[in-house]
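>>> dropping the sequence and predicted coords here.
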Amino acid sequence: MMPTKSADSPKISRRMSLQIGAASTAAGFIAVKEFTAPAEAKDPPRGPTTPAFMDPLPVYTAKQPVGSLSPESTEIPNVGNGECGREPHQRRSNWPAQKFYTLRTREGWHSFHKQLAAQKIWGYDGILPGPTFVARYGEPVIVRNYNELPSNSFGFGSPEISTHLHNLHCASESDGYAGDWYSADPLKGKGDTLTAPGGYKDHHYPNCYAGYDAYEPTGGDPREALGTLWYHDHREHHTAPNCYRGLTGFYLLFDEIDSGNELDPNPKALRLPSGVGRYDIPLHIQDIALDASGYLFYDPFDNKGFLGNKFCVNGKIQPYFRVEKRKYRFRLLDASLARFYELYMTDASGVNQSFTYIANDGNLLPEPILNAQKVQLAPSERADIVIDFSQYPIGTQLFLVNRLVQTDGRGPEGPLTNVRNASGLLTRAGTQLMRFEVTSEAPQVKGLDGNYTSDPSRVPATLRELPPITMSEVVKTRTFEFDKVNEVWTVNGKLFDVTKAIATVKRGTAEIWKLIGHGSWHHPVHIHMEEGRILTRNGKPPPAHEIGRKDVYVLAPDEEVRVFIRFRDFTGKYMMHCHNLTHEDHAMMIRFDVEA
Ligand SMILES: [Cu+2]
């Protein structure tokens with residue numbers, strides 16, 4: 001039963017109110033002793049004019065590994081040499097690292113638009129978004145993440161970090177738990193769930209299919225593969241401002257099915273449009289607000305969920321991207337704090353164009369959705385689509401358009417309605433987030449059949465099979481209610497407690513988690529550690545794009561979603577939370593523990 005709103009009222013802890021106060025002071029706001037919600041979210045300042053399509057879309061190729069780490073990475077944290085006191089890495093001998101990376105979380109200079117001066121942001125390797133990792137199943141990696149943010153930094157956010165790789169199947173100590181935050185500055189201390197402070201942390205990413213223990217003799221179950229992941233800060237109480245200030249990036253995972261090679265002779269390979277940074281393009285979509293001088297603006301008192309009024313793709317306001325006449329794979333990520341999107345491809349007169357929808361939450365669907373016309377994304381959701389530009393003449397301009405109306409963090413109000421254009425065609429306006437310019441023929445390459453072609457990629461009729469839902473594995477059903485109680489965000493009437501699990505699950509079992517939203521709010525609920533499957537949404541089977549494996553379950557007002565989910569291979573502390581990051585910070589999150 002849901003507790004009544006008057007009983008068992010959650011209270012903001014003194015420490016939390018001090019942290020909010022400290023962040024606010026640093027950002028130039030008056031410090032508050034007690035956290036009180038503002039009556040209404042303020043309109044963001046308008047900021048300078050930023051004409052659309054002036055900047056090229058930034059595209060990244062893969063971040064390069066280093067030959068070795070010094071000092072060497074160890075299973076037990078190397079506290080004597082500056083590593084923070086995490087739990088020892090679980091099962092490293094099952095997945096010995098084959099590649100090593102260093103990631104430096106630091107200040108950098110970034111310009112959001114050609115007409116704006118560069119300003120200081122926080123970025124992984126100092127860039128926004130952070131570098132793109134390209135990883136493969138069967139190639140475990142260690143990422144050494146140095147916190148080089150200035151500990152006396154001004155402005156919003158908190159220069160202590162805990163980096164979560166959403167939604168890699170990995171051990172708790174590498175998952176970026178909210179209480180595992182660290183800083184190189186000994187005066188800053190450490191999160192409650194670390195044993196010692198430190199300036200860096202080694203994350204062990206096994207890049208193994210979930211269910212390793214059951215499938216180990218065959219190398220794992222490729223039906224469990226993940227594809228489009230992203231990493232972002234998860235610092236307790238400060239995740240929203242830290243991500244907004246720039247701490248987000250992509251991590252892509254390939255295997256022999258989604259091999260990242262459109263000329264792969266392996267018969268199992270899908271040969272989707274390939275080449276990260278060439279024909280395989282991650283799109284990081286985020287709304288920001290700028291103050292009158294063009295600096296990034298954030299309102300820490302907006303407890304509904306902060307919305308911006310400028311739209312960035314890969315860190316640039318409304319960029320353009322020149323494409324060749326062939327197929328491209330785009331990996332769309334809603335990296336906004338609170339904004340939902342309904343995205344369309346349109347021509348210059350606003351008429352919808354079709355594309356192929358191949359993956360939701362980074363996971364390939366069993367079959368592509370052909371002739372798709374829209375993608376709905378909630379914060380942290382992902383969708384992979386394939387657009388075939390070969391059908392358009394050179395000189396064509398196409399647009400990625402958002403048509404969802406949202407004026408506060410409560411959630412979207414609904415899509416814009418149709419209007420007829422001068423030619424009588426049904427169109428709708430909306431915000432053009434970026435422009436595709438069909439600029440050239442694609443170069444001829446020798447295909448697998450020996451003939452030359454301008455596009456050797458394909459989208460097969462079947463993509464990746466789904467693992468079975470086996471109800472006999474279910475040992476428990478739990479109910480989690482997401483609600484606003486006394487102006488704070490709660491799960492089952494409680495605020496997040498970093499030290500206390502409210503659910504303990506047994507490793508190697510499955511459960512049904514019933515997620516219920518209350519009030520007039522939207523909550524995109526994210527469960528760490530494993531993908532789940534939506535059994536029912538409001539008692540009915542999920543729509544086509546939600547039939548696959550998910551890690552974000554959107555709850556519209558008063559919705560109920562039943563999720564089948566397994567907990568395999570690892571133990572320790574994990575989180576489930578609302579991915580409206582303001583709701584998460586204050587403090588719509590639970591800790592759940594997986595025990596052997
Ligand atoms: Cu929420």
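Noted; the coordinates are in hand. Residues are numbered from 1 along each chain as shown.

>>> what is the neighbour count of the closest residue to residue 570 other than its chain neighbours?
Spatial nearest neighbour of residue 570, chain neighbours left out: residue 171 (4.3 Å); criterion: CB to CB, 6 or more residues apart in numbering. Just so you know, the C-beta spots here come from the backbone N, C-alpha and C atoms, and that holds for glycine as well. By other CB atoms under 10 Å, the residues close to residue 171 number 26.

>>> got the contact list for whichever residue of the stretch 401-550 of the chain sits closest to the ion?
Scanning the stretch 401-550 of the chain for the residue nearest the ion gives residue 523, at 3.4 Å (criterion: CB to the ion). Taking CB atoms under 8 Å, 6 or more residues apart in numbering as the criterion, residue 523 is in contact with 482, 517, 554, 555, 578, 580, 583, 588.

>>> give me the distance between the closest residue to residue 140 other than its chain neighbours and the ion.
Nearest residue to residue 140, sequence neighbours excluded (CB to CB, 6+ apart): residue 95, at 3.8 Å. Distance, residue 95 to the ion, by CB to the ion, to the nearest Å: 34 Å.

>>> now the helices for the chain?
Assigned helices in the chain, in chain order: 14-26, 212-215, 239-244, 581-585 (criterion: DSSP state H).

>>> residue 586 contacts residue 239, correct?
No - counting by CB atoms under 8 Å, no contact exists between residue 586 and residue 239, whose distance comes to 10.3 Å.

>>> these two: which is more packed in?
Neighbours were tallied for residue 586 and for residue 239 using other CB under 10 Å; the higher tally belongs to residue 239 (27 against 23).

>>> pLDDT score assigned to that one?
The per-residue pLDDT reported for residue 239 equals 94.

>>> residues touching the residue lying closest to it once chain neighbours are set aside, list them.
For residue 239, ignoring the flanking residues on the chain, the nearest one in space by CB to CB, 6+ apart is residue 581 at 5.1 Å. By CB under 8 Å, 6+ apart, the residues touching residue 581 are 239, 240, 243, 244, 305, 337, 338, 379.

>>> same question, residue 435
When contacts are taken as CB under 8 Å, 6+ apart, residue 435 is in contact with 52, 53, 318, 319, 320, 321, 397, 398, 399, 400.

>>> of these, closest to residue 259?
residue 321 (24.3 Å; CB to CB).

>>> the residue nearest to that closest one when sequence neighbours are not counted: neighbour count?
Closest residue in space to residue 321, ignoring its immediate chain neighbours: residue 57 at 4.0 Å, by CB to CB, 6+ apart. Counted with other CB under 10 Å, the neighbours of residue 57 add up to 18.

>>> residue 319 is in contact with residue 57, correct?
Yes - shown here, residue 57 and residue 319 form a contact pair, counting by CB under 8 Å, at 4.2 Å.

>>> identify the contacts common to the two.
313, 434.

>>> wait, which of the contacts of residue 581 is closest to the ion?
For the ion, the closest of these turns out to be residue 305, at 7.1 Å, with distances computed as CB to the ion.

>>> ok, now which ones touch the nearest residue to the closest one once chain neighbours are set aside?
When the adjacent residues along the chain are set aside, residue 305 lies closest to residue 409, with 2.3 Å between them (CB to CB, 6+ apart). For residue 409, the residues meeting the contact criterion (CB under 8 Å, 6+ apart) are 41, 302, 303, 304, 305, 306, 307, 337, 338, 580, 582, 583.

>>> and stretch 547-560, anywhere near the ion?
No - residues of stretch 547-560 contacting the ion under CB under 5 Å from the ion: none, with a closest distance of 7.9 Å.

>>> what about that stretch, how long is it end to end?
For stretch 547-560, the first and last residues are 16 Å from each other (CA to CA, to the nearest Å).

>>> near the ion, which residues of this protein?
For the chain, the residues found near the ion under the criterion CB under 5 Å from the ion are 523, 578, 580, 583.

>>> quick one: pLDDT of the second one?
Read that as residue 578. 95.

>>> so it touches residue 524, yeah?
Yes - the criterion here is CB under 8 Å, and residue 578 meets it with residue 524 at 6.6 Å.

>>> comparing the two, which shows the higher neighbour count?
Applying other CB under 10 Å to residue 578 and residue 524 shows that residue 578 carries more neighbours, namely 28 against 24.

>>> hey, where'd the strands end up in the stretch 201-350 of the chain?
Under the criterion DSSP state E, counting those that start in this stretch, the stretch 201-350 of the chain contains strands at 228-233, 248-254, 280-290, 296-297, 310-313, 316-317, 320-325, 327-334, 341-347.

>>> would CSV of those with distance to residue 435 and mean neighbour count be doable?
Shown next, in CSV, are the strands of the stretch 201-350 of the chain (distance: least, CB to CB, whole Å; neighbours: other CB atoms under 10 Å):
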stretch, distance to residue 435, mean neighbour count
strand 228-233, 23, 25
strand 248-254, 21, 24
strand 280-290, 13, 23
strand 296-297, 23, 22
strand 310-313, 10, 24
strand 316-317, 12, 24
strand 320-325, 4, 19
strand 327-334, 14, 25
strand 341-347, 10, 21
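
>>> could you dump those into TSV with mean pLDDT added?
Formatted as TSV, the entries for these read as follows, by pLDDT from 0 to 100:
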stretch	mean pLDDT
strand 228-233	98
strand 248-254	98
strand 280-290	97
strand 296-297	94
strand 310-313	96
strand 316-317	98
strand 320-325	98
strand 327-334	98
strand 341-347	95
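
>>> reformat those as CSV; add distance to residue 165.
Formatted as CSV, the entries for the strands of the stretch 201-350 of the chain read as follows, by distance: least, CB to CB, whole Å:
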stretch, distance to residue 165
strand 228-233, 5
strand 248-254, 6
strand 280-290, 15
strand 296-297, 25
strand 310-313, 22
strand 316-317, 24
strand 320-325, 26
strand 327-334, 13
strand 341-347, 23
